[in-house]
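Colleague: My questions concern the predicted model and sequence given below.
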Amino acid sequence: MPTLVHPRRSAYDPFGEPVERPGHRDAMPDGYRARNLGVALFWGLALLILAGRVHFAAHAAVPSAAIERPAPALTR
């Protein structure tokens, strides 16, 4: 059975010395949760806008009878 080299996350100060964090949780920090939520919202909104553009572009390509102008009558 392999052993873990770093069984828990540790923090380091600017000089590379390990720092013990009081009340350290093994759960994901709130900053990561907020970032992941922001990424999910960004890509969800991007896909929604893309789907809307594709949807409305397909409707714009089909000419509507109300928009078409009748051909001018030929008179001599």
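Modeller: Nice, thanks for sending it over.

Colleague: what about the helices in this structure?
Modeller: Here the chain has its helices, by DSSP state H, at 30-61.

Colleague: shaky segments in it?
Modeller: For the chain, the stretches with pLDDT under 70 are 1-9, 22-29, 60-70, 76.

Colleague: hmm, try it at 90
Modeller: Residue ranges of the chain with pLDDT under 90: 1-34, 54-76.

Colleague: Now do stretch 55-74: distance from first to last residue.
Modeller: In terms of CA to CA, to the nearest Å, the two terminal residues of stretch 55-74 are separated by 39 Å.

Colleague: cool, stretch 21-35 as well?
Modeller: First-to-last residue span, stretch 21-35, CA to CA: 22 Å.

Colleague: and the gap between G52 and R33?
Modeller: Using CB to CB, to the nearest Å, G52 is found at 28 Å from R33. Every C-beta, even on glycine, is put in place using the N, C-alpha and C of the backbone.

Colleague: brain fart, G44
Modeller: From G44 across to R33, the span is 16 Å (CB to CB).

Colleague: same thing with F56?
Modeller: 35 Å.

Colleague: likewise G16?
Modeller: From G16 over to R33 (counting by CB to CB), the distance is 28 Å.

Colleague: between the two, who's got more neighbours?
Modeller: Looking at G16 and R33 with other CB atoms under 10 Å, you find the greater number of neighbours at R33, namely 11 against 6.

Colleague: From V39, how far off is that one?
Modeller: Taking CB to CB, one finds R33 at 11 Å from V39.

Colleague: what do you get for P14?
Modeller: P14 is 28 Å from V39, by CB to CB.

Colleague: The two: which has the busier surroundings?
Modeller: It is V39, of P14 and V39, that has more neighbours when counted by other CB under 10 Å, with 10 against 5.

Colleague: tell me the contacts of Y12?
Modeller: P18, V19 (CB atoms under 8 Å, 6 or more residues apart in numbering).

Colleague: can you do 6 Å?
Modeller: P18 (CB atoms under 6 Å, 6 or more residues apart in numbering).

Colleague: so it bridges to which residues?
Modeller: Following DSSP bridges, Y12 is listed with bridge partners P18.
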